[in-house]
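In: Have a look; sequence and predicted model below, questions after that.
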Amino acid sequence: MKMFVEDNDWPPYKFAIKKSDGTAYNLTSCTVKFPYTEKGRTTVINTGHTTCNITDAANGKVQYEWDNHGPGSPVDLATVGEMEGEIEITTAAGNTYTIAAVVPFKIRRKKE
């Protein structure tokens, strides 16, 4: 998947979590996080703001809202470049699972 996010255009990142057989992962009573780093680095950029909104738990649907504090100051989008995100699921029992596939995306400044 190729995703580009521009610093003044940040629609939510929407995705569905599925099992290996293609059926939806039921996220009832779960939390989902989307921490990301610059490609090749280990420091999480969106520290303190990794939790996603579960929009349809039974069908595994989730969205990540980019954190910003008003026009021109997007906190999550302050670092420009290639990024790698992970999707982490924590169950009601407290077990945490990380989806094996890395989510690559790029943050860039809008071209005038």
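Out: Ah, there it is. Worth saying up front: this structure is predicted, and the values here are computed from it rather than measured. Residues are numbered from 1 along each chain as shown.
In: ok, so what distance separates the residue most central in space within the chain from residue 21?
Out: Here the mean C-alpha position of the chain is nearest to the C-alpha of residue 34 (CA atoms, centre = their mean), at a distance of 3.6 Å. According to CB to CB, to the nearest Å, residue 34 stands 23 Å off from residue 21. Backbone N, C-alpha and C define where each C-beta goes, glycine included.
In: Buried ones in stretch 11-28, by neighbour count?
Out: For stretch 11-28, a neighbour-count test (16 or more other CB atoms under 10 Å) marks 13, 15, 17, 25, 27 as buried.
In: Residues in a beta bridge with the closest residue to the residue nearest to the centre of the chain other than its chain neighbours, which ones?
Out: Distance criterion CB to CB, 6 or more residues apart in numbering; nearest residue to residue 34, sequence neighbours excluded, is residue 64 at 4.5 Å. With DSSP bridges applied, residue 64 shows beta-bridge pairing to residue 13.
In: Residue 64 contacts residue 12, correct?
Out: Yes: A contact is recorded between residue 64 and residue 12 when judged using CB atoms under 8 Å, the distance being 6.3 Å.
In: between these two, what contacts are shared?
Out: By the contact definition CB atoms under 8 Å, 6 or more residues apart in numbering, residue 64 and residue 12 are jointly contacted by residue 53.
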